[in-house]
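Trainee: what follows is a predicted structure for the sequence shown.
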Amino acid sequence: MGQRLSSFFGNIGMGGTYGEMELSLNGVKGSVRNGYSILTALKSSSTLGYGFQWSNTFENEYMDYNNYKGAIRSKVESLFRWTYELRRNWAFSPEISVKAEKYFSINEKNYTFEAVVAPYIMYSQNVTDKFRVYAKAVPAYRVDKSRYGEASESRSKFAGYAKLGVEYIF
């Protein structure tokens with residue numbers, strides 16, 4: 001069960017900012033112990049002008065199920081993108097994304113961190129007014145770091161990424 005409130009703020013950024021606040025109460029059937037979680041989230045997405053976009057998410061979740069007795073999970077996620085139209089249906093869009101997550105109120109030291117830098121090539125074609133196909137592909141550079149207790153992992157690598165999709169507006 002949850003509630004989501006959203007609004008558009010036309011005076012923030014050259015193209016405006018969409019903001020959202022969410023509260024969700026969830027019953028959880030756990031493998032060790034049943035319980036519940038309470039999730040709160042703040043989200044924003046701004047069109048800054050000249051092709052720049054910036055999106056942010058801040059989440060906090062209180063968890064009381066399985067081994068999470070009173071644990072709190074916090075997550076921060078940010079995406080900064082610039083999009084340049086190359087020609088009809090094609091665009092170049094480099095972006096940087098960062099995500100960090102940490103659990104509090106449990107005995108183990110833990111966190112996850114992810115950063116990605118990617119220069120996307122994108123394609124979008126409106127087939128009809130309500131139906132479109134799109135694709136994006138890129139070689140991306142990714143950094144991942146994580147820790148749980150005394151075990152930790154850190155890696156960085158180049159990776160390929162591709163996404164194909166269809167969108168239908170009802």
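Mentor: Okay, I see it.

Trainee: for this structure, give me the ranges with low pLDDT.
Mentor: Counting by pLDDT under 70, not a single residue of the chain qualifies.

Trainee: can you list the domains in it?
Mentor: 1-82, 84-170 (automatic domain parsing).

Trainee: would you list those domains in TSV and tack on mean neighbour count?
Mentor: The C-beta positions use only the backbone N, C-alpha and C, and glycine is treated the same way. Listed next are these as TSV, based on neighbours: other C-beta atoms under 10 Å:
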stretch	mean neighbour count
domain 1-82	14
domain 84-170	13
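
Trainee: got the contact list for the nearest residue to Gly2 once chain neighbours are set aside?
Mentor: The shortest distance from Gly2 to any non-neighbouring residue, by C-beta to C-beta, 6 or more residues apart in numbering, is to Ser24 (3.5 Å). Contacts for Ser24 (C-beta atoms under 8 Å, 6 or more residues apart in numbering) come out as Met1, Gly2, Gln3, Ile38, Leu39, Thr40, Ala41.

Trainee: okay, and which of these map to strands?
Mentor: Gly2, Gln3, Ile38, Leu39, Thr40, Ala41 (DSSP state E).

Trainee: and the residue lying closest to the third one once chain neighbours are set aside, what does it touch?
Mentor: Spatial nearest neighbour of Ile38, excluding adjacent residues (C-beta to C-beta, 6+ apart): Tyr62 at 4.5 Å. Shown here is Tyr62, whose contacts under the criterion C-beta under 8 Å, 6+ apart are Ser37, Ile38, Gly70, Ala71, Ile72.

Trainee: beta partners for Tyr62?
Mentor: Ile38, Ile72 (DSSP bridges).

Trainee: check contacts around Thr112.
Mentor: Going by C-beta under 8 Å, 6+ apart, the list of residues near Thr112 reads Lys99, Ala100, Glu101, Lys102, Asp144, Lys145, Ser146.

Trainee: name the nearest of these relative to Ala135.
Mentor: Nearest to Ala135, judged by C-beta to C-beta, of the contacts of Thr112 is Lys99 at 23.6 Å.

Trainee: wait, that closest one touches Glu59, no?
Mentor: No: Lys99 is beyond contact range of Glu59, at 10.5 Å (criterion: C-beta atoms under 8 Å).

Trainee: overlap in contacts of these two?
Mentor: In contact with both Lys99 and Glu59: Lys75, Val76, Glu77, using C-beta under 8 Å, 6+ apart.

Trainee: looking at these, which one is closest to Phe113?
Mentor: For the shared contacts of Lys99 and Glu59, the nearest to Phe113 is Val76 (10.1 Å; C-beta to C-beta).

Trainee: state the helix or strand in which the spatially closest residue to the closest one that is not a sequence neighbour lies.
Mentor: Nearest residue to Val76, sequence neighbours excluded (C-beta to C-beta, 6+ apart): Ala100, at 5.2 Å. Element membership for Ala100 (DSSP states H and E) is strand 90-104.
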